[in-house]
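Visitor: Any chance you could fold what I've pasted below:
(2 chains)
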Number of protein chains: 2
Amino acid sequence: MHSQKRVVVLGSGVIGLSSALILARKGYSVHILARDLPEDVSSQTFASPWAGANWTPFMTLTDGPRQAKWEESTFKKWVELVPTGHAMWLKGTRRFAQNEDGLLGHWYKDITPNYRPLPSSECPPGAIGVTYDTLSVHAPKYCQYLARELQKLGATFERRTVTSLEQAFDGADLVVNATGLGAKSIAGIDDQAAEPIRGQTVLVKSPCKRCTMDSSDPASPAYIIPRPGGEVICGGTYGVGDWDLSVNPETVQRILKHCLRLDPTISSDGTIEGIEVLRHNVGLRPARRGGPRVEAERIVLPLDRTKSPLSLGRGSARAAKEKEVTLVHAYGFSSAGYQQSWGAAEDVAQLVDEAFQRYHGAARESKL
Amino acid sequence: MHSQKRVVVLGSGVIGLSSALILARKGYSVHILARDLPEDVSSQTFASPWAGANWTPFMTLTDGPRQAKWEESTFKKWVELVPTGHAMWLKGTRRFAQNEDGLLGHWYKDITPNYRPLPSSECPPGAIGVTYDTLSVHAPKYCQYLARELQKLGATFERRTVTSLEQAFDGADLVVNATGLGAKSIAGIDDQAAEPIRGQTVLVKSPCKRCTMDSSDPASPAYIIPRPGGEVICGGTYGVGDWDLSVNPETVQRILKHCLRLDPTISSDGTIEGIEVLRHNVGLRPARRGGPRVEAERIVLPLDRTKSPLSLGRGSARAAKEKEVTLVHAYGFSSAGYQQSWGAAEDVAQLVDEAFQRYHGAARESKL
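Guide: Model (predicted):
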């Protein structure tokens, strides 16, 4: 390990991995520290393995200008990846909504090819819709691809459950906090605004290649997201603040019926029995009241228990010499983690550069 | 693997491991299949690493005659283990309650040595109490001890997330279902009565050797459980149906204040700042409305999606020949998993013997 600036990335979901990859390509020495690693494709205690991971904006330009910028940048990145098989075109995606608000002012019509309104005859009763070509990635495989790219650049991975920031700064010049929901329970971050949005889906084996997103019935959000490998993710649910990791059988029936109505080709014979179920999934989207947090923060270590109630050791024993460190936050992306990942990681890398310039002399030259 | 009766134990928490050990000692060929294994001491998706694991009944004899039997048998087992260091005496344990009901009719006064009432002067204001000598085990280390004993007898462990019973019966003559909360989401078990009871605790470094259980204030349940290794578990919470895995900072303050009042020796200087916090823990006790389920069930495979809504594959494709198999249930032990484990495992082994006699010819002779 040469004497480069050492960055520890806390969290090995899509945000942590993307940030780490951009930093490693910029020449930083990167060490990824996480409880859940990319090979943990069955772990329910992080969100990345469960995402539908297609590119579908959820906010208007006015509500989420940063998010729109990240999404645009990630879209371009994924287009570059299509030839490698790590991303897949979803031609003729259909998006249905209850009203115009649900179509977000069509702000991404110049990003997604072949964007046009759908005639009402091609929409569910009472709904309006648009069609466009978008992209999807296979969530677990995409993370494993990012991990392989990192390993080629000498980045290291360590499985460890960090419960206090002090543990992450051990041997690091700077830490990137990509801990998703973990941000609520790590001493020194203590973000009570972090909250889950529960998602239940059914993984189906089907040749269906058409993506459909239907938010026209608020009581029954539904989506069909094909992904590389002949699998389709049928969803879904958006349980704000719901931590329940068990599979709800009634939700299974609602999802399968609604998705079958939207696209009978998910079934081998057009019936619910004809749907080949591979697996039932429940994952917790790492959301945050107030939206994603991408910013740098200066922190004094050791932590003070009056400010960080979860800090370890004795509240009274502050023997260790105080030092100030930089923490770059990157969490709270909710449903949009994958589609904002590359753009957000670019901002993270810029914040890291700035912090090193400001507090540690010159930053690493970029090798991008 | 010789041609013995092959039992697959689904779940590697204290119930699964104890059942597996008794079966292995009886000469069965045992294979443990689980998502979480004994070395996963930081995994929040199973309960066993987080338990306080001291012996304290929660039910009266009339409400829980089976549970009392299991507890008595486990107590005897743990007494045998004290010389090995796998269990530890908690002399002079204090138990406080709001009223006589809370002392469960003193049914275990002849099991725990030195059982006697406490004068009110030694109880919190308005509470009544008893003292007795009981036992505790170090939860993660006890499970690792059971795992080592199993490996000595040739039992095998496999990390796999099972989502449908069919996957567990692959190559097994009989399956023991020790999946705790997993029982709610595995096709073929589908038990909607399984529910979590959330527990938050603070792991403290302290020489304190006195165990205190205080249920005298329903709004603030509190306990101090020393365990082998100079650690003390301060608790706690009983959130029925609460799946929240994050650490609540207000709960931390309540637990530390209440436990400090109960026993100032948990702090190095009698103040909250003087308490040396090692870690904040949140675990989900695997409870079940209606109490623990320890019974044998005959199941027809492949599963039928009309009866098991979570079953995989196509609802319509029942090509595979039907067969009947035996599933022995052992889950739903809530807060009492450790203290009922050995007794319940003895019942499980008897159910397995009976099933083999009834459906597979002679059972294995016991090597106990």
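Visitor: End to end on stretch A:193-213, go ahead and measure it.
Guide: 28 Å (Cα to Cα, to the nearest Å).
Visitor: Please name the spatially closest residue to A:Glu322 (chain neighbours excluded).
Guide: A:Val300 (5.6 Å; Cβ to Cβ, 6 or more residues apart in numbering or on different chains). All C-beta atoms are positioned from the backbone trio N, CA, C, and that covers glycine.
Visitor: so which strand or helix has A:Ala68?
Guide: Take DSSP states H and E as the rule and A:Ala68 turns out to sit in helix A:65-81.
Visitor: Now find how far off-centre whichever helix or strand comes after that helix is within its chain.
Guide: Proceeding N to C from helix A:65-81, the next assigned helix or strand is strand A:88-97, under DSSP H and E. Taking Cα atoms, centre = their mean, to the nearest Å, one finds strand A:88-97 lying 20 Å from the centre of the chain it belongs to.
Visitor: and the gap between A:Cys143 and A:Thr271?
Guide: Distance of A:Cys143 to A:Thr271, given as Cβ to Cβ, to the nearest Å: 35 Å.
Visitor: Same drill for these two, tell me which one is more crowded.
Guide: Neighbour tally, A:Cys143 and A:Thr271, criterion other Cβ atoms under 10 Å in any protein chain shown: the higher count belongs to A:Cys143, 29 against 13.
Visitor: quick one, phi psi at that one?
Guide: phi -70, psi -40 (degrees, to the nearest 10).
Visitor: looking at it, it is touching A:Ser48, isn't it?
Guide: Yes: judged on Cβ atoms under 8 Å, A:Cys143 makes contact with A:Ser48 at a distance of 5.4 Å.
Visitor: intersection of neighbour lists for these two?
Guide: Counting by Cβ atoms under 8 Å, 6 or more residues apart in numbering or on different chains, the contacts common to A:Cys143 and A:Ser48 are A:13-14, A:38.
Visitor: still on that earlier bit, same question for the helix holding A:Ala68: list its buried residues.
Guide: A:67-75, A:77-78, A:81 (16 or more other Cβ atoms under 10 Å in any protein chain shown).
Visitor: by how many degrees do it and strand A:88-97 diverge?
Guide: 140 degrees (axes from the mean of the first three to the mean of the last three Cα atoms, to 10 degrees).
Visitor: Report all helices and strands that the helix or strand of chain A with the lowest mean pLDDT contacts.
Guide: Lowest on mean pLDDT, DSSP states H and E among the helices and strands of chain A sits strand A:313-314, with a mean of 86. Using 3 or more Cβ pairs under 8 Å, 6 or more residues apart in numbering or on different chains; DSSP states H and E, the elements in contact with strand A:313-314 are strand B:276-288.
Visitor: ok so, going back, contacts for the least confident helix or strand of chain A next, please.
Guide: With contact meaning Cβ under 8 Å, 6+ apart, strand A:313-314 is reached by A:302, B:268, B:273-277.
Visitor: again, but for stretch A:236-253
Guide: A:44, A:52, A:195-202, A:221-223, A:255, A:272, A:280, A:282, A:284, A:287, A:335, B:45, B:181, B:184-185, B:190, B:192, B:194, B:242-246, B:309-310.
Visitor: repeat that for 7 Å
Guide: For stretch A:236-253, the surrounding residues in contact (Cβ atoms under 7 Å, 6 or more residues apart in numbering or on different chains) are A:44, A:195-202, A:221-223, A:255, A:280, A:282, A:284, B:181, B:184-185, B:190, B:243-245, B:309-310.
Visitor: what residues does the stretch 1-150 of chain A put near chain B?
Guide: A:35, A:42, A:44-45 (Cβ under 7 Å from any Cβ of the partner chain).
Visitor: All the helices of chain A, residue numbers only.
Guide: Remark: helices assigned in chain A by DSSP state H are A:14-25, A:65-81, A:139-152, A:165-168, A:249-262, A:337-360.
Visitor: Who are the packing partners of the second one?
Guide: Here helix A:65-81 touches strand A:128-136, helix A:337-360, going by 3 or more Cβ pairs under 7 Å, 6 or more residues apart in numbering or on different chains; DSSP states H and E.
Visitor: Tabulate the CA atom coordinates of that helix in PDB.
Guide: Taking C-alpha atoms only, helix A:65-81 is exported to PDB below (Å, rounded to 0.1, in the frame of the first residue of the first chain):
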ATOM      1  CA  PRO A  65     -32.500  19.100  -9.700                       C
ATOM      2  CA  ARG A  66     -29.500  17.200  -8.200                       C
ATOM      3  CA  GLN A  67     -31.200  13.900  -8.600                       C
ATOM      4  CA  ALA A  68     -32.000  14.700 -12.200                       C
ATOM      5  CA  LYS A  69     -28.300  15.600 -12.800                       C
ATOM      6  CA  TRP A  70     -27.200  12.300 -11.200                       C
ATOM      7  CA  GLU A  71     -29.800  10.300 -13.200                       C
ATOM      8  CA  GLU A  72     -28.700  11.900 -16.500                       C
ATOM      9  CA  SER A  73     -25.100  11.100 -15.800                       C
ATOM     10  CA  THR A  74     -25.900   7.500 -14.800                       C
ATOM     11  CA  PHE A  75     -28.000   7.000 -17.900                       C
ATOM     12  CA  LYS A  76     -25.000   7.900 -20.100                       C
ATOM     13  CA  LYS A  77     -22.800   5.500 -18.200                       C
ATOM     14  CA  TRP A  78     -25.200   2.700 -18.600                       C
ATOM     15  CA  VAL A  79     -25.500   3.300 -22.300                       C
ATOM     16  CA  GLU A  80     -21.700   2.800 -22.500                       C
ATOM     17  CA  LEU A  81     -22.100  -0.500 -20.600                       C
END
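Visitor: got the angle between it and helix A:14-25?
Guide: Using the same axes, to 10 degrees: helix A:65-81 against helix A:14-25 is 70 degrees.
Visitor: for helix A:65-81, the distance to its chain's centre please.
Guide: 13 Å.
Visitor: Check the shortest one too.
Guide: Relative to the chain's own centre, helix A:165-168 is displaced by 23 Å; criterion: Cα atoms, centre = their mean.
Visitor: is chain B contacted by that helix?
Guide: No: residues of helix A:165-168 are not located near chain B by Cβ under 7 Å from any Cβ, the shortest gap being 10.8 Å.
Visitor: quick one: A:Cys123 and A:Ala97 touch, right?
Guide: No: using Cβ atoms under 7 Å, A:Cys123 makes no contact with A:Ala97, being 9.1 Å away.
Visitor: what's the overlap in contacts for those two?
Guide: With Cβ under 7 Å, 6+ apart, A:Cys123 and A:Ala97 have common neighbours A:Gly129.
Visitor: circling back to that earlier point, make CSV out of the helices of chain A and add mean pLDDT.
Guide: Listed next are the helices of chain A as CSV, based on pLDDT from 0 to 100:
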stretch, mean pLDDT
helix A:14-25, 98
helix A:65-81, 97
helix A:139-152, 96
helix A:165-168, 94
helix A:249-262, 97
helix A:337-360, 96
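Visitor: Out of the ones you listed, flag the one nearest B:Gly154.
Guide: The closest of the helices of chain A to B:Gly154 is helix A:139-152. By Cβ to Cβ, the value is 34.0 Å.
Visitor: angle of the closest one against helix A:65-81?
Guide: Angle of helix A:139-152 versus helix A:65-81, following the same axes, to 10 degrees, is 80 degrees.
Visitor: I'd like to check the angle between helix A:139-152 and helix A:337-360, please.
Guide: Using the same axes, to 10 degrees: helix A:139-152 against helix A:337-360 is 30 degrees.
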